[in-house]
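# Next comes the sequence, and after it the predicted model I'd like to discuss.
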Amino acid sequence: MKILFDTNILLDLLLMRKPYYESVAQLISFVETRMIEGWLCPNTVSTVHYLLNEALDKQQAAGHLKTILSMYRVPELNQAVFNQAALGEYSDYDYALTYQSALQADVDGILTRNREHYSDSSLPVCTPDKLLALMNSLET
């Protein structure tokens, strides 16, 4: 199953944000074991890199980023993706880029806490709790 994790999901994990951390950490374990093929939008990577550099020293931030990039795939952002995001119906360009990246990566769905941001998505959009319930049902 190929899932694009939006920026807030990754930040929930890295910042240990409650009450979201536990379910997100469990989902990340499915990425680690390759039961989920995790994808990140390129702008998620740059945002996380910036925030890690603000919170940690450069070496620690680089180590975390290396770990993230070893676990997740990142689709190519090209002119077509930027154009589609600009032409889309999204009021927020960041969400438009995330959605277009998901299409580019041909994922099975988008993981987010903010389903309303992807209300026009042609892809399934789910919350961590919903995906976790699905993954747990597949394990039994």
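Cool, the structure landed.
# Near Tyr50, how many residues? Count them for me, please.
11 (other C-beta atoms under 10 Å). Yep, even glycine has a C-beta here, placed from its N, CA and C like the rest.
# Let me see the ranges of the helices in the protein.
7-14, 21-32, 42-55, 58-71, 79-87, 93-105, 128-139 (DSSP state H).
# List the buried residues in the last one.
In other words, helix 128-139. For helix 128-139, a neighbour-count test (16 or more other C-beta atoms under 10 Å) marks Pro128, Leu131, Leu132, Met135 as buried.
# Could you save these as a markdown table and add columns showing pLDDT?
Shown next, in a markdown table, are the buried residues of helix 128-139 (pLDDT from 0 to 100):
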| residue | pLDDT |
| --- | --- |
| Pro128 | 95 |
| Leu131 | 95 |
| Leu132 | 94 |
| Met135 | 92 |
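# got the angle for the worst-scoring helix or strand of the chain on mean pLDDT vs helix 42-55?
Comparing helices and strands within the chain by mean pLDDT, DSSP states H and E singles out helix 79-87 as the least confident, with a mean of 88. Helix 79-87 runs at 90 degrees relative to helix 42-55, counting by axes from the mean of the first three to the mean of the last three C-alpha atoms, to 10 degrees.
# which other residues reach helix 79-87?
Pro75, Tyr93, Ala96, Leu97, Tyr99, Gln100, Ser101, Leu103, Gln104 (C-beta atoms under 8 Å, 6 or more residues apart in numbering).
# can you do 10 Å?
If you take C-beta atoms under 10 Å, 6 or more residues apart in numbering as the criterion, helix 79-87 is touched by 41-43, 75, 77, 93-101, 103-104.
# Buried subset of these as a ChimeraX selection?
A single ChimeraX command selects the buried members of the contacts of helix 79-87 (16+ other C-beta under 10 Å):
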select :41,42,43,75,77,94,95,96,97,98,99,100,101,103,104
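# Noted, bye for now.
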